[in-house]
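Asks: Predicted structure and sequence below. I'll ask about it afterward.
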Amino acid sequence: MNWLDSAQRYGAVARALHWSMATLLILMLGTEWLAELVGMGEREAMTLHKSVGLLLLGLLVFRLLWRRVNRGRLAAHAHWKWAARLGHWALYAAMLLIPASGLLAALGSGHGVEFFGTALIASGAEIEWLEEAAEETHEVLANLLWLLIGVHVLASLAHQFWLHDNTLKRMA
């Protein structure tokens with residue numbers, strides 16, 4: 001098993017990060033639906049949502065560092081290199097800005113921030129304008145992320161079935 005990417009395939013770490021983050025992102029984007037499905041209260045759902053969001057932020061930082069380690073090992077299709085770069089950086093930007101706006105919303109609400117039950121930032125005073133602006137930003141960015149994920153999936157299918165470059169196999 002190769003930990004690092006090769007010219008033919010993504011390495012085990014890149015694949016594990018990709019699929020675990022994809023699963024967690026879908027969980028995050030469907031928190032309200034999931035909470036209703038399993039009968040979770042709003043407070044429990046938000047606690048889980050915030051904790052998984054922080055976990056995703058940590059995984060994103062690790063993923064960006066890991067991407068740097070693997071730089072240039074797996075080349076993008078020459079004709080679409082600019083689109084692949086733009087698409088990946090848009091995804092990374094959204095995955096960074098969404099938890100940042102979520103943290104600002106939590107701070108503005110005065111509720112503080114917990115990570116799976118461990119307090120990271122204590123409760124404080126409510127800052128209504130910060131909470132409202134951050135929540136609005138958070139929601140807009142989450143909707144944008146749905147769009148980016150859809151484009152990412154369509155691009156991977158185009159790579160697999162139109163360009164025939166085995167992209168799905170390289171990431172499986």
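Replies: Yep, that arrived.

Asks: Which positions in stretch 22-32 come out as buried?
Replies: Under the neighbour-count criterion of 16 or more other C-beta atoms under 10 Å, stretch 22-32 has 25, 28-29, 31 buried. C-beta: built from backbone N, CA, C; applies to glycine.

Asks: Including distance to residue 15, could these go into JSON lines?
Replies: Formatted as JSON lines, these follow (distance: C-beta to C-beta, whole Å):
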{"residue": "25", "distance to residue 15": "16"}
{"residue": "28", "distance to residue 15": "20"}
{"residue": "29", "distance to residue 15": "21"}
{"residue": "31", "distance to residue 15": "25"}
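
Asks: residue contacts, the most far-flung residue of the chain relative to its centre?
Replies: Distance from the centre of the chain peaks at residue 125, with 29.2 Å (C-alpha atoms, centre = their mean). Counting by C-beta atoms under 8 Å, 6 or more residues apart in numbering, residue 125 touches residue 110.

Asks: mind checking how far it is from residue 113?
Replies: 15 Å (C-beta to C-beta, to the nearest Å).

Asks: just residue 126 next, same as before
Replies: Going from residue 126 to residue 113 by C-beta to C-beta gives 14 Å.

Asks: need the strands for the chain, in chain order.
Replies: 113-115, 118-121 (DSSP state E).

Asks: contacting residues around the shortest one?
Replies: Residues outside strand 113-115 that contact it (C-beta under 8 Å, 6+ apart): 47, 50-51, 54-55, 103, 106-107, 119-121.

Asks: Going through the residues you listed, which ones are buried?
Replies: Buried among the contacts of strand 113-115 by 16+ other C-beta under 10 Å: 47, 50-51, 54-55, 103, 106-107.

Asks: So residue 60 is in contact with residue 95, correct?
Replies: Yes - with contacts defined as C-beta atoms under 8 Å, residue 60 counts as touching residue 95 at a distance of 5.0 Å.

Asks: Quick check: neighbours shared by these two?
Replies: residue 21.

Asks: on that earlier part again, would you mind telling me which of residue 126 and residue 113 has the busier surroundings?
Replies: residue 113 (19 against 12; other C-beta atoms under 10 Å).

Asks: Could you tell me the model confidence score at that one?
Replies: Note for residue 113: predicted pLDDT of 91.

Asks: Also residue 122?
Replies: On pLDDT, residue 122 comes in at 92.

Asks: where along the protein do the helices fall?
Replies: Along the chain, the stretches classed as helices by DSSP state H are 12-29, 31-38, 42-69, 81-109, 128-161, 167-171.

Asks: Just put the ones you listed in TSV and tack on distance to residue 5 and mean pLDDT.
Replies: Shown next, in TSV, are the helices of the chain (distance: least, C-beta to C-beta, whole Å; pLDDT from 0 to 100):
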stretch	distance to residue 5	mean pLDDT
helix 12-29	6	92
helix 31-38	32	82
helix 42-69	9	91
helix 81-109	14	93
helix 128-161	16	94
helix 167-171	9	80
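
Asks: Fine by me, thanks again.
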